[in-house]
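1. Below are the sequence and a predicted model for it; my questions follow.
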Amino acid sequence: MSDLETFRAETRAWLDKNCPDSIRTPMPEREMPWGGRNAKYPNPDTKIWMDNMASRGWTAPTWPAEYGGGGLSKEENKVLQEELARIKARPALTSFGLWMLGPALLEFASEEQKKKYIGEIVRGEIRWCQGYSEPGAGSDLAGLQTKAEDKGDHYLVNGQKVWTSYADQCDWIFCLVRTDNSVKHDGISFLLIDMDDPGVEARPIKLISGSSPFCETFLTDVKVPKENLVGELNKGWTIAKRLLEHERSMISGMGMGAGAASMGGMEAVAKENFGTDGERIADPSIRSAIADHKMDQQAFGLTMKRASEQAKAGQGMGAAASMFKYYGTEVNKRRFELLLDVMGTQALGWEGEGFDSKELAVTRSWLRSKGNSIEGGTSEVQLNVIAKRVLGLPTA
Amino acid sequence: MSDLETFRAETRAWLDKNCPDSIRTPMPEREMPWGGRNAKYPNPDTKIWMDNMASRGWTAPTWPAEYGGGGLSKEENKVLQEELARIKARPALTSFGLWMLGPALLEFASEEQKKKYIGEIVRGEIRWCQGYSEPGAGSDLAGLQTKAEDKGDHYLVNGQKVWTSYADQCDWIFCLVRTDNSVKHDGISFLLIDMDDPGVEARPIKLISGSSPFCETFLTDVKVPKENLVGELNKGWTIAKRLLEHERSMISGMGMGAGAASMGGMEAVAKENFGTDGERIADPSIRSAIADHKMDQQAFGLTMKRASEQAKAGQGMGAAASMFKYYGTEVNKRRFELLLDVMGTQALGWEGEGFDSKELAVTRSWLRSKGNSIEGGTSEVQLNVIAKRVLGLPTA
Amino acid sequence: MAFVLSEEQTMLRDMAKQFFSEQVPVTNLRKLRDDESDDGFDRDVWKQIVELGFAGILIPEDLGGTGFGPMGIGIVMQEAGRTLAASPLYSTAILGAGMIMAAGSESQKKDLLPQVAAGELLLALAIDEANHHNPLNIAMTATKDGGDFVLNGEKRFVIDGHTADKLIVAARTSGTSGDAQGISTFLVDADTAGVSITRTLMVDTRNAANIAFDNVKIPAVALLGGLDAAYPELENVLDMGRVCLSAEMLGGIETVFDTTLTYLKERKQFDAIIGTFQALQHRAAEMFCEVEICQSVVLDALSALEERRNDIPRAASLAKARLSEASRLITNEGVQMHGGIGMTDAVDVGLFLKRARVQAQMLGDANFHRSRYADLGGY
Amino acid sequence: MAFVLSEEQTMLRDMAKQFFSEQVPVTNLRKLRDDESDDGFDRDVWKQIVELGFAGILIPEDLGGTGFGPMGIGIVMQEAGRTLAASPLYSTAILGAGMIMAAGSESQKKDLLPQVAAGELLLALAIDEANHHNPLNIAMTATKDGGDFVLNGEKRFVIDGHTADKLIVAARTSGTSGDAQGISTFLVDADTAGVSITRTLMVDTRNAANIAFDNVKIPAVALLGGLDAAYPELENVLDMGRVCLSAEMLGGIETVFDTTLTYLKERKQFDAIIGTFQALQHRAAEMFCEVEICQSVVLDALSALEERRNDIPRAASLAKARLSEASRLITNEGVQMHGGIGMTDAVDVGLFLKRARVQAQMLGDANFHRSRYADLGGY
């Protein structure tokens, strides 16, 4: 047996024993394994599964074992993911620490910092949120004003962050702060802040969709030890850019269509609502619009696939992330607009009687989709990036 | 009998006698009465009609009689136009002198200039063209570089104009020239130049539609007498702006749909090409697109009407000219695109067998329509004007 | 000149503008929502609306109304649209009173219209039975039973259905779904036995209901208009409803456009007012053109009603189709140009976005009216 | 990896790129036009194309071809599209040879394909009979007459019809317009008695013809493929034609986009390079996305042909619909962004605009393919 085959056999046996049955079912949103100090586990198996996986470092399978990661090779990880998919296991840990902060720490942090924070992330002990945007610094992120003053052994932090995901439920926040007022990008540093520290307050923001996944986070005279600085002083923008690219490619995946799928396919809904003419949807405008949209979606999917194949072949597409962020989110918004056209009044409910849960979810997702072309860099910013970096159009 | 009734009776009698029969038929393009020194009259009645009308100043009915105009009141002119329409008389004179230069001269020129030029225009003796744009000054008209140097008793003019309509067939050109290099808008003057003068050369420009209604006009060491300056030195921009507004509103009328009408209505063509399903056009996408377009056209027409009613009531719409220029030309372009969709391959002929003359005219008009959103100020310039002057958006 | 308001109409507009902006600002709708108001509208506000004469604006003076006509109610709806004012004005004074005026007998008019004008009687028009408006597809039945009619079926998306005192119900007395012939309308007290009204909470925080009719027995005098023959009057009233709705949408569009323009002039990013960015300037200019065009089609459609022109259906479909698409464009651009703050409940633009979507669906969306416009054009 | 060219394919592309840009630049088309060429293509250029092996690119090596397959011919067409190269390549090597390969008997293949590969035989496929492509609507008849067939009817918009030596004619041997069953294809010498060919001068200066068939008698051996049963093969060949045409359109789009981008970087107005204006930057960025997407759908459709995937029709309709719309957008933007100069015959963008419009109409426009895509999706 090859090493990989052995690994597969062992993994399968281990999963068989260590993955609880209830974890092999679709995950309701309330059972999302965010971890953290104040985590609640409506299903106790969630915690058991997280701990089991973390004990092998498999919540972060390819991170170095020395810091608590799984230390797996690419090939081994592929096997692990296949085996997890085979038993339909839920993710053991969903966390901004895993997706965003961890990779940045592994690239930019000091040895001590890696030792301290990576393990906490892998074990789901600390739930992280991201403190980037500010009320006056949205698209122009580098215009941020939250100030960290050097007070000898600590920084004194004052300012306000906004769009911090679930900050009201998080333990720590990784922040961009201004450490030099005289320059823009080169006066920004990357700081880790314990949200239990005095002076940190998070207030949920209510969105038009009715949910509150984001907070405003106020930082008032917060004392942050100097060892919480990641990377060099005033070099935080480098780290930020890396994280932003990552975020953009995460969001652009939205173009590929979960939301509408929950309704069993737009064509089916349209046939039900408008009747059929042979095989065709009886309303020709709706039929046309659906075909247009599906062509759009297929074409976008093919382009994502092409980019990935070309990347593997070493032929970069150039600022592909911006293009996908732009196009993917715009396609996603159009999909929901169209889905609402197809569903008519049944997609216009808010709550209560008269609508089933899938219908109500479509309404909320439609509203939520409007933010896709704003968060993680607006469509306008992506178009700027394409125009300048890819097309080489000059600046005035 | 009221004065107006008397006037109507007299006019009718006069027209009866003085409007040749052949002039009461639709006008082929080659019989357009442009006038001028080198005018050709394939139909001699054209010239008779022009002279008859000019003898009463009725080629320019409301211009002051002292300069050769008709001196009619608004009400009398209305009667005249009604009587002309009644007998389906062709225009007696079509000319940039009438449409553009004349009104500007009446407003800005000296007494001597009015005496000299207005009469020539009214009588169709001189055919004028407009020398505004230059190869480097299109949208940015005020960036023009054609230079007029003060040489004591004359200006020495050097430069190149472009988009001069029919310059190769014209006698005189009214030009914007630079008389001061140190300022932009305030260094421009308005000059009248005899195209027979040495140093003036006009070369037709071939358009994508195959026709050549415009020329490049080269001015090389042309000596222009000082009395040919209209208005004050360096104040030509004021005159130019007035003329541009006028031009914009002329072009925006295009949205209202001559071209397609020649095909007997898009719906009829579509029914013929795609068949019918009851009363409906059998191809639902084409039907939908036609409805969209006709709604667009109706809505635009209503807006033009509203603007005119509001203007009469003293409620200006503000930069309406820019809005109409923008919207009207875009609607017109879309109409031709749609008409080509409807007509299919029969709208793709260039000449020769296989296409009738109406079909060939559609192809050429489609190509010509592309220029509508460029000439007389591009769509981009109109949007700039709306953004800044109407909406008050700030400049960077 | 149809496109220029008369002095009287200008005064009405100014009065309505002042009333809605001062007495019924958007915070009024927020309060109804946050307090989970049972009515879904403010009875005090309704009283004021009645006092201003708006409830009777279509009703002749001899029946207690102010007789300002369609142009008048359009002007009021536009101003109501600017602040998302929730009230029974649309369901009662336009659709309800309109249907009674169009189809009612003299005694029905004399009995009911003064009550409407006095704000004492709330009405709702029950038409739709599916996810999409299509009044020809009425399948609900009204069967003769001696001197009575018996209603069976279900109505959906009945605007203000849960607060109406009387429902005006379109049902089939003959024919089948798809036929214009065979549709009759009935006046049904909301508390009649067999009528079950379920309020549906909509995304725009306005009022609608699903209503089931289970062997609902009503007397023959409840018939409103001719037996089997109500469709022509119904369509006229629906067209009036579509035009007034377009006027309301226009008010919403204008508010969003104005608000967004103000934001573009204030918000700074990249050390610049974002309104200096040309890409946004051009999009704003395009929106401006769209708003102007919307104003034209709404005014023209109101004039068509006012002057009883014979192209009312075409003008109504043009207005409703155009406003449905324009409000989609402008509310979406409004959110996008506001950026993150536009996604929050704290600013109003999201409320307008939600309302625009419901309005677009009411009495036929852009698809429906585009097709109708083509049918009316004979192609 | 379908989206990454192999080394061999890359070499082919480089060769084709060099050939067309150096030997058949846009000036070649201008010359054909201005000289009023009778052929409408340059016989010397065609000879070179044949020598490069492009004429036999779909034909197996044992029949004299180079056997590079659909991906190969797609690559060549894309490069030809960049310079608007006029040649019989599309009509002869793709549609003509494709149909013989798909439906021909062994002897037909052996007889004809080597001649095609050698550039000695020009072909044209005669399908359309109306203003819009719709291959099911073939009404032209082929009637049995002893051992012969007699053809009657008219074909329109036959690409390269006036220079073809042999026509491949789709006609009805049974059934009626609208049926797939009953369509047969025939090889007809262009000089057969009763065939009248009228060249139509198109807006794109390329070649097409209307062809009338008046009691044209052809022998039974002229039948290409099964009697009554040619439609499936015909559709396969049409799909290949649509995909290759999309590849050609892609080349055109790329040229226009590149040229326009260059112009944006050079042209000055208002004391600034116009490429600094954000509104133009955003539109250029949107065009960039569109070009990228076009590249994906064309490559995918070529792969589908290459790999004989069973979703060829869907991929072909996706590509043809997308490219038809994208080329409309990009050529129009190209003219507009060039401003006045874009309206003149002196620059090339107008030639691309004209060509794009004809390409859009060939073998089905965006409307046709959108509807087909929906049909293939079962809705």
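-> Sure, I can see it. Numbers count the residues shown, from 1 in each chain, chains lettered A, B, ... in the order given.

2. show me what contacts C:Tyr231?
-> C:135-136, C:180-181, C:183 (C-beta atoms under 8 Å, 6 or more residues apart in numbering or on different chains). No exception for glycine: its C-beta is placed from N, CA and C like everyone else's.

3. One more pass at 6 Å, please.
-> The contact partners of C:Tyr231, by C-beta atoms under 6 Å, 6 or more residues apart in numbering or on different chains, come to C:180, C:183.

4. Next: A:Leu72.
-> A:61-62.

5. Name the helix or strand for whatever residue of the stretch 1-150 of chain C ends up closest to chain B, please.
-> Distance from chain B to each residue of the stretch 1-150 of chain C (C-beta to the nearest C-beta) is smallest for C:Phe3, at 3.9 Å. C:Phe3 belongs to no helix or strand when assigned by DSSP states H and E.

6. Give me the nearest residue to it, chain neighbours excluded.
-> Leaving out its chain neighbours, the residue that sits closest to C:Phe3 by C-beta to C-beta, 6 or more residues apart in numbering or on different chains is B:Arg306, at 3.9 Å.

7. can you give me the strands in chain C?
-> C:123-126, C:141-145, C:148-159, C:166-172, C:183-189, C:195-202, C:207-219, C:223-224, C:268-269, C:272-273 (DSSP state E).

8. Next, format the ones you listed as TSV and append mean neighbour count, mean pLDDT and distance to chain B.
-> Converted to TSV, the strands of chain C look like this (neighbours: other C-beta atoms under 10 Å in any protein chain shown; pLDDT from 0 to 100; distance: least, C-beta to the nearest C-beta, whole Å):
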stretch	mean neighbour count	mean pLDDT	distance to chain B
strand C:123-126	29	98	26
strand C:141-145	16	96	28
strand C:148-159	22	98	25
strand C:166-172	26	98	23
strand C:183-189	24	98	21
strand C:195-202	19	97	28
strand C:207-219	20	97	28
strand C:223-224	22	97	32
strand C:268-269	16	91	11
strand C:272-273	15	94	5
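
9. would a markdown table of these with distance to D:Ala374 be doable?
-> Compiled in a markdown table, the strands of chain C are given as follows (distance: least, C-beta to C-beta, whole Å):
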| stretch | distance to D:Ala374 |
| --- | --- |
| strand C:123-126 | 35 |
| strand C:141-145 | 36 |
| strand C:148-159 | 28 |
| strand C:166-172 | 33 |
| strand C:183-189 | 34 |
| strand C:195-202 | 31 |
| strand C:207-219 | 32 |
| strand C:223-224 | 43 |
| strand C:268-269 | 42 |
| strand C:272-273 | 46 |
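
10. of all these, which lies closest to B:Gly352?
-> Evaluated over those, closeness to B:Gly352 peaks at strand C:272-273, with 56.6 Å, by C-beta to C-beta.

11. So what's the gap between that closest one and the chain middle?
-> With C-alpha atoms, centre = their mean, to the nearest Å as the basis, strand C:272-273 stands 39 Å off its chain's centre.

12. Which other helices and strands does that strand contact?
-> Contacts defined by 3 or more C-beta pairs under 6 Å, 6 or more residues apart in numbering or on different chains; DSSP states H and E place strand C:272-273 against no helix or strand at all.

13. Sheet partners, orientation included, of it?
-> strand C:268-269 (antiparallel) (DSSP bridges).

14. Not counting its neighbours along the chain, what's nearest residue 362?
-> The chain I'm using is chain A. Excluding its sequence neighbours, the residue lying closest to A:Val362 (C-beta to C-beta, 6+ apart) is A:Ala347, at 5.1 Å.

15. hm, I was asking about chain C
-> In this structure, C:Met362 finds its nearest non-sequential neighbour in C:Leu245, 5.8 Å apart by C-beta to C-beta, 6+ apart.

16. contacts for the one helix or strand A:Leu4 maps to?
-> Applying DSSP H and E as the criterion places A:Leu4 in helix A:3-18. Applying C-beta under 6 Å, 6+ apart, the contact partners of helix A:3-18 are A:52, A:75-76, A:79-80, A:83.

17. Tell me if A:Thr217 really is in a strand.
-> Yes. Assessed with DSSP: H, G, I helix; E, B strand; the rest coil, A:Thr217 lies in a strand.

18. ok, how many other residues are close to it?
-> Here the number of neighbours of A:Thr217 (other C-beta atoms under 10 Å in any protein chain shown) works out to 26.

19. near chain A, which residues of the stretch 251-379 of chain C?
-> Counting by C-beta under 6 Å from any C-beta of the partner chain, the stretch 251-379 of chain C comes close to chain A at C:269-270, C:335, C:339-340, C:343-345, C:350, C:358, C:361, C:367.

20. follow-up on the earlier one: state the number of residues packed around the residue nearest to C:Met362.
-> Residues near C:Leu245, counting by other C-beta under 10 Å: 28.

21. ok so, going back, following element in sequence after the helix holding A:Leu4, please.
-> helix A:44-55.

22. mean confidence for the helix or strand that that following helix is followed by?
-> Per DSSP H and E, the first helix or strand lying C-terminal to helix A:44-55 is helix A:74-86. The average pLDDT within helix A:74-86 is 94.

23. for helix A:74-86, packing partners?
-> Using 3+ C-beta pairs under 6 Å, 6+ apart, the elements in contact with helix A:74-86 are helix A:3-18.

24. Pull out the buried positions in the helix it packs on.
-> By neighbour count with 16 or more other C-beta atoms under 10 Å in any protein chain shown, helix A:3-18 contains the buried residues A:7-8, A:11-12, A:14-15, A:18.

25. Without its sequence neighbours, what residue ends up closest to residue 179?
-> Unless you meant another one, I'm taking chain A. A:Thr179's closest residue in space is A:Ser189 (C-beta to C-beta, 6+ apart), at 4.4 Å.

26. Actually, chain C is the one I wanted.
-> Distances taken as C-beta to C-beta, 6+ apart place C:Leu136 nearest to C:Asp179, at 7.1 Å, with adjacent residues excluded.
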